[in-house]
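When you get a sec, could you give me coordinates for this:
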Amino acid sequence: MLVFQLMFVSLFLLQTTSSGLGRHSLMVLISHISGSTVFPEFNMVLMLDDIQVGYYDSTMDRAMRVGGGGEKEGELDVGQDGTSVLQVIIFNMRERLNWAKQNFNLTGVVVYQRLVGCEVLEGQPVFSMFRGATNGQDFESMMYNMTHFTVAGSNSWEMWLDVVKRTVIQTLYSNFYLPFCVRSLQTLLDREKNLVMRRVRPRVRVLTKQVVGGARVTCLATDFYPRHINLTLLRDGRPVDEDELTGGSVLPNGNGLYQVRKTLTVDDEELRRKHSYTCAASHLSLDNRMEVSWRAEFSRSHRVPVVSVPVSVLLLVLLLMVLWWRRRRARSDGVAMETQEEEAEDQDRAAAADPATCESPE
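Residues are numbered from 1 along each chain as shown. Reported below is the predicted structural model:
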């Protein structure tokens, strides 16, 4: 069980280097739960940049990779070094959780979480780190950024590292963890390059919605990858102040891609000025900036309809009733006219059949 658990954490330290292109990271979030719960003792999620590439929980007793590009899930193999690193981390997390329970009088279910990982920029290591928390409170952190090694703990908690321990850990990170991280990142990037290095062009639109007293103009970019994008809403060619806009957070689209929107609320007075609004997007998948424009036209079409949907339905029903009544009346008039004509014909026949009615008076 420990072997597979720690295989995950070994991957934690990797930061993706991908043929020296761009900035990449590999992070692992590990949760260790002590106490009686329905959850596994250890649970890990492995993220390459923003893509989940693996997971583990101690009830399975094995680490699994998340298939990409049509691949099926399979067991995650990180090699002997990865297994060793994971074992060390799992052992250390158990030790740290027990220390916290004893020193802070924690009882019942206690959760210790750790985020571990590192980054590589243009193929060169940037930093490696871990951050730990107990029951949602920061507990300890460590960062090694090639030139500085820092260890910190919560202000209310006693630091547990003396000078000797810090020196040992710094040496371990610089001579083992960091090189291992770079090698592992390269391996994962080579395997997942079709996902991590893909470029998906955004679909950019300007959406308008009528509201009381004006309208909302929304600049929307959706279905793009990677997540980094520069989205700007322009009014007559000039950027709208960010303080006037709502939104702007890049959100997952649910399909491995992303979306972002920025919305401006304009009143009737601004609509009367008939400004031109442009949604401009810059993205790695685009050679040039993509722009989509819309010009306001203050008219009934840009005002909030007075008739709501239920009233519209009612009017439609009334219209149909009027048409039906007119048709029925027209049909009734036609039947009455035919009846009068038939009565006149009957009278003519009766007059022709009675000679007395044909004699002229003398």
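
Check the gap between residue 54 and residue 223 for me.
26 Å (CB to CB, to the nearest Å). Glycine gets a C-beta too; all of them are placed from N, C-alpha and C.

Among those two, which residue is more densely surrounded?
Each of residue 54 and residue 223 has its neighbours counted (other CB atoms under 10 Å); residue 54 has more, 22 against 14.

Domain map for this protein?
Annotated domains of the chain cover 2-196, 203-301 [automatic domain parsing].

Could you single out the most deeply buried of those domains?
Among the domains of the chain, domain 2-196 has the highest mean neighbour count (mean count of other CB atoms under 10 Å), at a mean of 18.

That one: how far from the chain's middle?
Distance of domain 2-196 from its chain centroid, counting by CA atoms, centre = their mean, to the nearest Å, is 25 Å.

about what we covered before: in terms of mean pLDDT, which of the domains of the chain ranks lowest?
Sorting these by mean pLDDT places domain 2-196 lowest, at a mean of 76.

Hmm, residue 118 and residue 181 touching each other?
Yes: checked against CB atoms under 8 Å, the pair residue 181 and residue 118 is within contact range at 4.6 Å.

ok now do the residue most central in space within the chain, which residues does it touch?
Nearest residue to the geometric centre of the chain (CA atoms, centre = their mean): residue 252, 1.9 Å. For residue 252, the contacting residues are 258-259, by CB atoms under 8 Å, 6 or more residues apart in numbering.

now it: how far from residue 172?
36 Å.

and what of residue 95?
Plainly put, residue 95 is 16 Å away from residue 172 if you go by CB to CB.

Kindly report the same for residue 229.
The gap separating residue 229 from residue 172 is 39 Å, by CB to CB.

Looks like residue 222 contacts residue 255 (just checking).
No: the criterion here is CB under 8 Å, and residue 222 misses it with residue 255 at 10.1 Å.

residue ranges of the strands in the stretch 1-150 of the chain, please?
Along the stretch 1-150 of the chain, counting by DSSP state E, counting those that start in this stretch, strands occupy 23-34, 42-48, 51-57, 62-65, 74-75, 110-121, 124-134, 137-144, 149-153.

Among these, which comes closest to residue 233?
Smallest distance to residue 233 across those (CB to CB): 27.5 Å, for strand 23-34.

Given that closest one, what are its sheet partners and their directions?
Next to strand 23-34 in the sheet, as set by DSSP bridges, lie strand 42-48 (antiparallel), strand 110-121 (antiparallel).
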